[in-house]
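Q: sequence unavailable; structure follows:
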């Protein structure tokens with residue numbers, strides 16, 4: 001009998017239990033989104049954030065660029081928001 005392991009992507013079990021927490025979606029970046037932080041700080045309204053995010057998606061550029069070039073925020077306001085985000089390892 002052949003004891004070699006053959007991977008089958010459609011097989012749901014390989015004879016060992018996978019911890020359920022590993023199957024849950026993982027948070028990749030637990031920093032608050034910059035735009036939401038700026039709304040909380042009163043720099044942007046939710047409507048302005050929505051407009052900036054739409055522009056970002058259309059132009060495929062960083063949100064910071066949209067905020068600065070679109071006149072939504074000053075460089076100082078962006079820097080303050082970035083510095084307020086907690087840093088995680």
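A: Done, it's in. These figures come from a predicted structure and were not determined experimentally. Numbers count the residues shown, from 1 in each chain.

Q: scan the protein for its longest helix.
A: Of all the segments assigned as helix in the chain under DSSP state H, the longest by residue count is helix 46-59.

Q: low-confidence stretches in the protein?
A: Judged against pLDDT under 70, the low-scoring parts of the chain cover residues 1-31, 86-89.

Q: which residues in it form helices?
A: According to DSSP H, the helices that the chain contains are 20-23, 34-40, 46-59, 63-69, 75-84.

Q: will you turn those helices into CSV that also has mean neighbour count?
A: Using the backbone N, CA and C atoms, a C-beta is placed for each residue, glycine as well. Rendered in CSV, the data for the helices of the chain read as follows (neighbours: other CB atoms under 10 Å):
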stretch, mean neighbour count
helix 20-23, 7
helix 34-40, 19
helix 46-59, 14
helix 63-69, 18
helix 75-84, 14
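
Q: just checking, residue 81 touches residue 43?
A: Yes: in terms of CB atoms under 8 Å, residue 81 counts as a neighbour of residue 43; the distance is 6.8 Å.

Q: quick check: neighbours shared by those two?
A: Applying CB atoms under 8 Å, 6 or more residues apart in numbering, one finds that residue 81 and residue 43 are jointly contacted by residue 73.

Q: follow-up on the earlier one: list the contacts of the longest helix of the chain.
A: 35, 36, 38, 39, 44, 62, 63, 66, 67, 70, 72.

Q: fine by me, thanks again.
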